[in-house]
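Undergrad: Structural data only, the sequence is not supplied:
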């Protein structure tokens, strides 16, 4: 197991590599599939995402990303003991700080439940809970969504897509959904 400084060193090496050698056309299949055909994908596109609201996101990852001029999406959940474990999980004030540092905040559901077995109405409530929490902390409505553990089913796939009709008071928007 690597300690934090070894992980930071490896991460820095990867950022340096991406900064110098990112190759056009190499990006996650989910992003490629989600983009309209007419959308131009910039050269040297690298998509970085971080899930679950780990404390290292604000302590290590964000400062390194900023130092290399990279953006990223941080997918936030209130599952995984997020609200109670402040030693290893972000606070909502820290999530807002990531947004203020111009990082994207994505929706990863409030409970981090397996969406492939979760009833659609519960998944919908989990999606909306993160939308409300973002609004409460002055964070724009998330426009990116990632299934916890990348697990989803046909019934789960429609939930983020119908969020707009379900939550009119939140001024919801359609989501760019990350799928495996």
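TA: Received the coordinates, thanks. Since the structure is predicted, the reported quantities are computational estimates derived from the model, not experimental observations. Residues are numbered from 1 along each chain as shown.
Undergrad: Quick one: low-confidence residue ranges for this structure.
TA: Counting by pLDDT under 70, the chain shows low-confidence ranges at 1-46, 160-180.
Undergrad: so where do the strands sit in it?
TA: Using DSSP state E, the strands found in the chain span residues 49-51, 73-76, 104-107, 144-146, 176-178.
Undergrad: What about residue 152, how many residues nearby?
TA: Using other Cβ atoms under 10 Å, the number of residues around residue 152 comes to 22. C-beta here means a position set from N, CA and C on the backbone, and glycine is covered the same way.
Undergrad: nearest spatial neighbour of it, skipping sequence neighbours?
TA: Leaving aside its sequence neighbours, residue 152 sits nearest to residue 115 (Cβ to Cβ, 6 or more residues apart in numbering; 4.8 Å).
Undergrad: Pull the contacting residues for that neighbour.
TA: Applying Cβ atoms under 8 Å, 6 or more residues apart in numbering to residue 115 gives the contacts 109, 123, 147-148, 151-153, 156, 159.
Undergrad: buried subset of these?
TA: The neighbour-count criterion (16 or more other Cβ atoms under 10 Å) marks 109, 123, 147-148, 152, 156, 159 among those as buried.
Undergrad: Can you tell me which of those residues is nearest residue 132?
TA: residue 109 (12.5 Å; Cβ to Cβ).
Undergrad: Touching, the closest one and residue 133? I think so.
TA: No - between residue 109 and residue 133 there is no contact under Cβ atoms under 8 Å: 11.2 Å.
Undergrad: how close does residue 88 get to residue 82?
TA: 9 Å (Cβ to Cβ, to the nearest Å).
Undergrad: who has more neighbours, the two?
TA: The residue with more neighbours, out of residue 88 and residue 82, is residue 82; 23 against 13, by other Cβ under 10 Å.
Undergrad: pretty sure the more buried one contacts residue 89?
TA: Yes - look at residue 82 against residue 89 with Cβ under 8 Å: they come within range, at 4.6 Å.
Undergrad: overlap in contacts of those two?
TA: Both residue 82 and residue 89 are contacted by 52-53, under the criterion Cβ under 8 Å, 6+ apart.
Undergrad: in stretch 108-120, what counts as buried?
TA: By neighbour count on 16+ other Cβ under 10 Å, the buried set for stretch 108-120 is 108-113, 115-116, 118.
Undergrad: export these to JSON lines and tack on distance to residue 100?
TA: Output for the buried residues of stretch 108-120, formatted as JSON lines (distance: Cβ to Cβ, whole Å):
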{"residue": "108", "distance to residue 100": "19"}
{"residue": "109", "distance to residue 100": "23"}
{"residue": "110", "distance to residue 100": "22"}
{"residue": "111", "distance to residue 100": "26"}
{"residue": "112", "distance to residue 100": "24"}
{"residue": "113", "distance to residue 100": "29"}
{"residue": "115", "distance to residue 100": "29"}
{"residue": "116", "distance to residue 100": "34"}
{"residue": "118", "distance to residue 100": "32"}
